[in-house]
Structure formats: C-alpha cells, structure tokens
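In: Sequence first, predicted model second:
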Amino acid sequence: MYLGRVAITEGAYDAMARANVLPNVLLARHQRGEQGDISPYAFGLGEEEIAGKPTSLYLLSTGEAIWITTDSTYSATEPITTLLLVPASVVADL
C-alpha cells in the first residue's frame, strides 16, 4: 500500500515517545496490512469513519493507542495521506 504524505499529531508523537516506539515501526505494520492489536470498532468508530480507508489501531506498552489511517482517495488537489493520531476515546477494558 502506498502511504502518500505522512503526518503525525503531537499527541501521537508524545504517546509513541513515552512508549519508546518509532513511528516507522507502526507505519511499516500498517503498510503491510496488519490492522493492529485492537479493532477500530472497539473505539466506537463506525463504517462512516472508516469508509473503506485502511485503518489500523496499535496498543502501546503504556496502554495508549495509536490510530493510523490512510485516505486513499487521490486527486490532483488532494494526494494520498496517512495520519497517525491518538484516538479521541479510549476503551477502559483494554
């Protein structure tokens, strides 16, 4: 899968730093099609949020999670973009 432009939110960067995880490690897993450790649906994401976009959720050793999504719709004005972020809601049972 082509990742296109990669962007990372400050929250995701900080969470990965606390867990000593490099972004490229999770990006490589996402690119290989590994959806991660937990289902996107566990975070209350519905079909409208996922909407056919490759989406992965990885649980870090700190208990925090990183959501990686690739918007694969391509146009001349909106290239493919992959975003790493911390989900807004966290499942307490993890």
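Out: Arrived safely, thanks for sending. Residues are numbered from 1 along each chain as shown.
In: The lengthiest strand in the chain packs against which elements?
Out: Using DSSP state E to define each element, the chain has its longest strand at strand 65-71. The contact analysis (3 or more CB pairs under 8 Å, 6 or more residues apart in numbering; DSSP states H and E) places strand 65-71 against helix 10-18, helix 23-31, strand 55-59, strand 81-85. From N, CA and C alone the C-beta is placed, and that goes for glycine too.
In: partner strands of that strand, parallel or antiparallel?
Out: According to DSSP bridges, strand 65-71 forms sheet pairs with strand 55-59 (antiparallel), strand 81-85 (antiparallel).
In: tell me the angle it makes with helix 23-31.
Out: With axes from the mean of the first three to the mean of the last three CA atoms, to 10 degrees applied, the angle from strand 65-71 to helix 23-31 works out at 60 degrees.
In: Tell me the predicted confidence for T55.
Out: T55 is assigned a predicted lDDT (pLDDT) of 79.
In: From R18, how far off is it?
Out: Distance of T55 to R18, given as CB to CB, to the nearest Å: 23 Å.
In: higher neighbour count, the two?
Out: T55 (19 against 12; other CB atoms under 10 Å).
In: What residues are bridge-paired with that one?
Out: T69.
In: how about TSV for the strands paired with strand 65-71, with distance to D14 added?
Out: Shown next, in TSV, are those (distance: least, CB to CB, whole Å):
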stretch	distance to D14
strand 55-59	15
strand 81-85	11
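In: For V25, find the nearest of the ones you listed.
Out: strand 55-59 (9.1 Å; CB to CB).
In: Just the CA coordinates for that closest one, please, in CSV.
Out: The C-alpha coordinates for strand 55-59 follow below in CSV (Å, rounded to 0.1, in the frame of the first residue of the first chain):
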residue,chain,number,x,y,z
THR,A,55,-7.3,1.8,9.3
SER,A,56,-5.1,0.3,12.0
LEU,A,57,-5.0,0.6,15.8
TYR,A,58,-2.0,-0.3,17.8
LEU,A,59,-1.9,-0.6,21.5
